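Undergrad: This is a predicted model, with the sequence first.
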Amino acid sequence: MLDHATELETSAIHPQKRKLVQLEHFFYDNNIVKLFTYATLFWGIVGMLAGLLASIQIFYPAANFDFAPTTFGRVRPVHTNAVIFAFVGNGIFMGVYYSLQRLCKARMYSDKLSKIHFWGWQGIIVVAAITLLAGFTTGKEYAELEWPVDIAITVIWVLFGINMFGTILKRRERHLYVAIWFYIATWVTVAMLHIVNSYEIPFSYFKSYSGYAGVQDALVQWWYGHNAVAFFLTTPYLGLMYYFLPKAANRPVYSYRLSIIHFWALIFIYIWAGPHHLLYTALPDWAQSLGVVFSIMLIAPSWGGMLNGLFTLRGAWDKVREEPILKFLVVAVTCYGMATFEGPMLSLKNVNAVAHYTDWIVAHVHVGALGWNGFLTFGVIYWIIPKIFKKELYSKKLANTHFWIGTIGIVLYAVPLYWAGFAQSMMWKTFTAEGQLKYQFLETVTNIVPMYMGRSIGGTLYLAGAIIMIYNIYKTVRGASIVANEAAQAAPLSPVVETHGKQHWHRWIEKRPMQMLVLSLVAVAIGGVLEMVPTFLIKNNVPTITSVKPYTPLELHGRDIYVRDGCYTCHSQMIRPFRDEVARYGEYSKAGEFIYDHPFQWGSKRTGPDLARIGGKYPDSWHYNHMYDPRIMSPGSIMPAYPFMIENMVDTSLTGAKIRAMQTLGVPYPDGYDKQANADLVEQGKVIQANLKKDKLDAAATSEIVAMIAYLQRMGTDIKAEHKQQTAAALQTVTGDNK
Amino acid sequence: MKFPVDKKTVSILAMMCILLVAGAPAAFAADAPTTNGLNNSAAIMMITIAVALLLAIGMLAYVLIGAAGYHVEQLKKNAQTAAKPLVIVALCMFTSTAFAQPGETAATAEVTSTTIAGLSKSSFYLLTGLIGLEVIIVLAMLIFLRQLLAKEKPQIVVEFAEARIPFYITWWNKLNAIRPVHEEATITLEHEYDGIRELDNKLPPWWVYGFYLCIIFSVVYLYRFHVSHSAPSTIQEYEIAMVQAEQEKQEYLKTAANNVDENTVELLSDASALSEGKKIFASTCAACHGSEGQGTVGPNLTDDYWLHKGGVKDIFKTIKYGVPEKGMKSWKDDFSPVQIAAIASYIKSIRGTKPSNPKEPQGDLYQEEALPAAEAATAMPEKKLAKQ
């Protein structure tokens, strides 16, 4: 019937050629869509289970099992990577492979590439999960995967691009539909972000150091991190929305010009907003301000997408009441609207001062992730499966049940965390009238533990909904056979481009995919270049502090353990210039303190206290006991225990390679220091060993716990040396002994 | 098909621009004086209100002109005299020129008053006047709109007698510039992708003006933070907060009986102070000194041997300033002087309790009487790092 319509329309458009037009017959590849759909479902469950485990670990530390691979710091990256790149990633490919073929009126360019893409991506996910649990991580959020995986991702992404553009180039539809604009922008921007942010120097088969340090690393990382949200979780899904929502509602898209304006405005403005993740940090003020204003300007372009989605449903709201697919899509688009309004509000400095580092941000993210990405994916799957199997969904009732359980799950997830975030932040900032901090950090944590439990209940409900869906899909496809090759027909593109009357100016680029690609790249490159180049080149953006010295080899090993076990997932290393933070943690952090930090470890969440100036605060033995079992030293603490650090030795065979990698990155170790480093390492280890001995604690000089203590005791202390120097210099000046 | 800029929009935008120039005189005409209108938060607020009202006027004008046009058409169709609606349209036009004019004069007036620094009286009255004027315009437009809609209503009812459209729906459609579903055929674009068609609806006006507003906000924001420096930088904000906190603290301490330090502290013996001390000890100190003060990581506090002397003043000082190099942190930011006195007194009270599993004695034997008061003040406490 569809083909019939195509034929009619073709003849309507080319009346004079009615007899000449020969319809071409071809087949859509549904098999690849099926594979990606199953992968989406599978990784969705895996990712949500990892999330549920991580959420339980937060209020029930025994769930860390005192076993390195199952500690929160490693499970959390598995959760985030699984839901973003495995669940949503496969969801993108599922939707793109389904819609692109139909929008281009062409089969995918190469079945072989499709297969390689599919299996390559699944292989990457498996390797990613294993390496993350094994502790191979770059320590940069949402970009944790190490360099071999980064290379594999690049290769597969390029193959996907070739397959996509091959399809676009052999299309039988002159103009590209708005969904395809979003796919193109997604592809080119993700490639750019991934390549720039993954610049790293390997020092072993599975480990590397970030090519950037401190402030610059932070800027690049959050340019990446923010736009991973923008171009992996948002633009491809907007593309899916533009195909599946009008399809499911059987309504025309509300406004073509709104599509144009919101598309270009969105991709151009989004890329600038990264620094809003770094407000009040040591990032230069001008970059922070750019992050603020571009976030505010992002409201309208984001809402353009929401409006175009919701207004498309005009005249179809009666269907929304009946059809679970539309319910999912409506809630998804609404959550998108809420999250993209809340985001800019959180970018205002005064709001950010309250919300940053708290669970408010976690709640905000999950409204987007569970609502927008999750629900849109579910809607699309409920749409695709009956289509490619040519069979009705097994049970609409179950789909409705899924919808309601999922929606309640989102509410129960988000509300406790909003509460927790706000309450904790207020407690952090409360002073007594005498000018003392009113609450110890730990009190602010134990106070919100009930909310953490509530959050897990919400998450469990959401997961239960997804499981219901899998049952429903299973019952649908059981006994049915897929229409692996779906017949279709369309007229070939005529070499002559015909125009009828006055065309919208944007039609010009819609028939030129390559120009579209280049222009998208230009639009997304501008913001990044203008923010990063000055931060890298203008020296006073990172004022030097002479007393800040490179880490000793033992400290470097300790730092790598800190990164390996994902301490950054709960501890920040960035004291913001606020009265309460200075009182609680010490002097606020300066840009110059981080110049040897490859990678930076500022963190984005304070489930535990900030560690930027932990050095010298507690004795070595305190750290030893605390790492062995945090609850000995801090009753009520929710931190995982790390007893294995006491038994494990650091791998001193890597010390030389680490030093050389750091030298390549410009860290000023003396020439040939890589040979001498291990001797220094042992020497420093022995001092700590002796210190521990005094308190009747035993540890080998090269044990991980000793390296960890060395790093912790170093943190944030360099600046104190500078203060002493300054005092000495001032004294010299006073006594006239100035040389 | 054309880009969504028709004459109507252009004229409204032009009107708004004129007003904007007039509306921000304090901000932009005052380059000469050192203090700028933008330094003044009252001015910022008033300008923001003025701009917001301006946007509201723009939106209303858009709706109003559209409604008036529609009304004229209807009347023409009915072959009646167009005098009445024309009056209304004229009134709309009049209001737009009316509010444009004071704006222009204001701009010229401001040039002569640039010598007055800060938010001068004239700027203030100007801004107030502007806001007042805008409010009047908004009210007037609302009244016109209501009249027009009242006239329009029966028309709609006649056309769709079977489905009476409630007022809020038409209002909603106006606000979003939505064409009714039954008119869809006229705005459906010719292209089609896999059965998906696109409509050529206009951009929702509130969305467009919201976008403009965000851009204006951004420009003003960057101007304030990085050109005029009238908004505090991150570090200035911090310094302001610290000064203010210090003042508040001093104010409080003046009136409170809380002003004890290591020189004036006395051993407390009342039960409430000791139980307060015990509570803090259990939650905080016990981590290192053991739940009964027997010592674990930190030294035993129940014996007679002390690393930093054992008088109440000494203990107070050790708690207050800490001994960072030995792992005792400074607690003065965590607890008030009275609380520290309570902790010190509690520690004194557990002397000789002989808990099980005590840590071996550390430091020197301490005898209570041996403490001359002056000695307490000899060792200078390590000062906190100066702000950089």
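TA: Perfect, I can see it now.
Undergrad: Chain neighbours aside, what residue packs nearest to residue 287?
TA: No chain specified, so I'll use chain A. Spatial nearest neighbour of A:Ala287, excluding adjacent residues (C-beta to C-beta, 6 or more residues apart in numbering or on different chains): A:Pro275 at 4.8 Å. Using the backbone N, CA and C atoms, a C-beta is placed for each residue, glycine as well.
Undergrad: right idea, wrong chain: chain B
TA: A:Met633 (4.7 Å).
Undergrad: Relative to A:Pro619, how far out is that neighbour?
TA: A:Met633 is 11 Å from A:Pro619, where distance means C-beta to C-beta, to the nearest Å.
Undergrad: just so I have it, where are all the strands in chain B?
TA: B:188-193, B:196-199, B:305-306, B:364-365 (DSSP state E).
Undergrad: List the contacts of the residue most central in space within chain A.
TA: Against the mean C-alpha coordinate of chain A, by C-alpha atoms, centre = their mean, the closest residue is A:Tyr142 at 3.9 Å. Counting by C-beta atoms under 8 Å, 6 or more residues apart in numbering or on different chains, A:Tyr142 touches A:Thr80, A:Asn81, A:Ile84, A:Tyr224, A:Gly225, A:Ala228.
Undergrad: could I get those residues as a markdown table with distance to chain B and pLDDT?
TA: Formatted as a markdown table, those follow (distance: C-beta to the nearest C-beta, whole Å; pLDDT from 0 to 100):
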| residue | distance to chain B | pLDDT |
| --- | --- | --- |
| A:Thr80 | 29 | 97 |
| A:Asn81 | 33 | 97 |
| A:Ile84 | 28 | 97 |
| A:Tyr224 | 23 | 96 |
| A:Gly225 | 21 | 95 |
| A:Ala228 | 24 | 90 |
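Undergrad: These in helices, which ones?
TA: If you go by DSSP state H, the contacts of A:Tyr142 have A:Thr80, A:Asn81, A:Tyr224, A:Gly225, A:Ala228 in helices.
Undergrad: Contact partners for the residue nearest to B:Glu276 when sequence neighbours are not counted?
TA: Leaving aside its sequence neighbours, B:Glu276 sits nearest to B:Ala342 (C-beta to C-beta, 6+ apart; 4.5 Å). Contacts of B:Ala342 were listed using C-beta under 8 Å, 6+ apart, and they are B:Leu268, B:Ala273, B:Leu274, B:Glu276, B:Gly277, B:Ile280.
Undergrad: what do you get for A:Asp111?
TA: By C-beta under 8 Å, 6+ apart, the contact list for A:Asp111 reads A:Asp29, A:Ile32.
Undergrad: For it, give its distance to chain B.
TA: 21 Å (C-beta to the nearest C-beta, to the nearest Å).
Undergrad: A:Ile32 now?
TA: For A:Ile32 relative to chain B (C-beta to the nearest C-beta), the value is 18 Å.
Undergrad: ditto for A:Asn197
TA: According to C-beta to the nearest C-beta, A:Asn197 stands 25 Å off from chain B.
Undergrad: could you redo the ones in helices among the contacts of A:Tyr142 as a markdown table and give each row distance to A:Ala700?
TA: Output for these, formatted as a markdown table (distance: C-beta to C-beta, whole Å):
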| residue | distance to A:Ala700 |
| --- | --- |
| A:Thr80 | 34 |
| A:Asn81 | 34 |
| A:Tyr224 | 38 |
| A:Gly225 | 38 |
| A:Ala228 | 40 |
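Undergrad: re the thing from before, of all pairs in the contacts of B:Ala342, which one is the farthest apart?
TA: Farthest pair in the contacts of B:Ala342 (C-beta to C-beta) is B:Leu268 and B:Ile280. Separation: 13.1 Å.
Undergrad: Next one: the residue nearest to the centre of chain A from A:Lys605, what distance?
TA: Distance, A:Tyr142 to A:Lys605, using C-beta to C-beta: 13 Å.
Undergrad: Repeat that for B:Gly322.
TA: B:Gly322 sits 28 Å away from A:Lys605, going by C-beta to C-beta.
Undergrad: Equivalent analysis for A:Gly368, please.
TA: 16 Å.
Undergrad: who has more neighbours, these two?
TA: Relative neighbour count places A:Gly368 above the other of A:Gly368 and A:Lys605, with 22 against 18, counting by other C-beta atoms under 10 Å in any protein chain shown.
Undergrad: Quick check, pLDDT for the more buried one.
TA: Predicted confidence (pLDDT) for A:Gly368: 96.
Undergrad: B:Leu126 now?
TA: Value for B:Leu126, per-residue pLDDT: 84.
Undergrad: end to end, how far does stretch A:59-72 reach?
TA: Terminal residues of stretch A:59-72 lie 11 Å apart, using C-alpha to C-alpha, to the nearest Å.
Undergrad: for it, what is the average pLDDT?
TA: 95.
Undergrad: Show me the contact partners of that stretch.
TA: Stretch A:59-72 has contacts (C-beta under 8 Å, 6+ apart) with A:53-54, A:56-58, A:74, A:133-135, A:449, A:452-453, A:456, A:565-566, A:569-570, A:630-631, A:637-644.
Undergrad: and it, which residues are buried?
TA: A:Phe59, A:Pro61, A:Ala63, A:Asn64, A:Ala68, A:Thr70, A:Thr71, A:Phe72 (16 or more other C-beta atoms under 10 Å in any protein chain shown).
Undergrad: so how far is that stretch off the chain centroid?
TA: Computed by C-alpha atoms, centre = their mean, to the nearest Å, the chain-centroid distance of stretch A:59-72 equals 23 Å.
Undergrad: one step back: so which of the contacts of B:Ala342 comes closest to chain A?
TA: Nearest to chain A among the contacts of B:Ala342, counting by C-beta to the nearest C-beta, is B:Ile280 at 9.7 Å.
Undergrad: got a list of what that closest one touches?
TA: Neighbours of B:Ile280 in contact, by C-beta under 8 Å, 6+ apart: B:Phe335, B:Gln339, B:Ala342, B:Ile343, B:Tyr346.
Undergrad: ok, the residues you listed vs chain A, which is closest?
TA: Closest to chain A, out of all of the contacts of B:Ile280 and judged by C-beta to the nearest C-beta, is B:Phe335, at 5.9 Å.
Undergrad: Can I get the helix or strand A:Trp222 falls within as CSV, trimmed to CA atoms?
TA: Following DSSP states H and E, one finds A:Trp222 within helix A:214-228. The C-alpha coordinates for helix A:214-228 follow below in CSV (Å, rounded to 0.1, in the frame of the first residue of the first chain):
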residue,chain,number,x,y,z
GLY,A,214,44.6,19.9,35.2
VAL,A,215,42.5,22.9,34.0
GLN,A,216,42.9,22.1,30.3
ASP,A,217,42.1,18.4,30.9
ALA,A,218,39.0,19.5,32.8
LEU,A,219,37.9,21.9,30.0
VAL,A,220,38.4,19.3,27.3
GLN,A,221,36.8,16.5,29.4
TRP,A,222,33.6,18.5,30.1
TRP,A,223,33.4,19.8,26.6
TYR,A,224,33.3,16.1,25.8
GLY,A,225,31.2,15.1,28.7
HIS,A,226,28.5,17.7,28.2
ASN,A,227,28.4,17.0,24.5
ALA,A,228,28.3,13.3,25.0
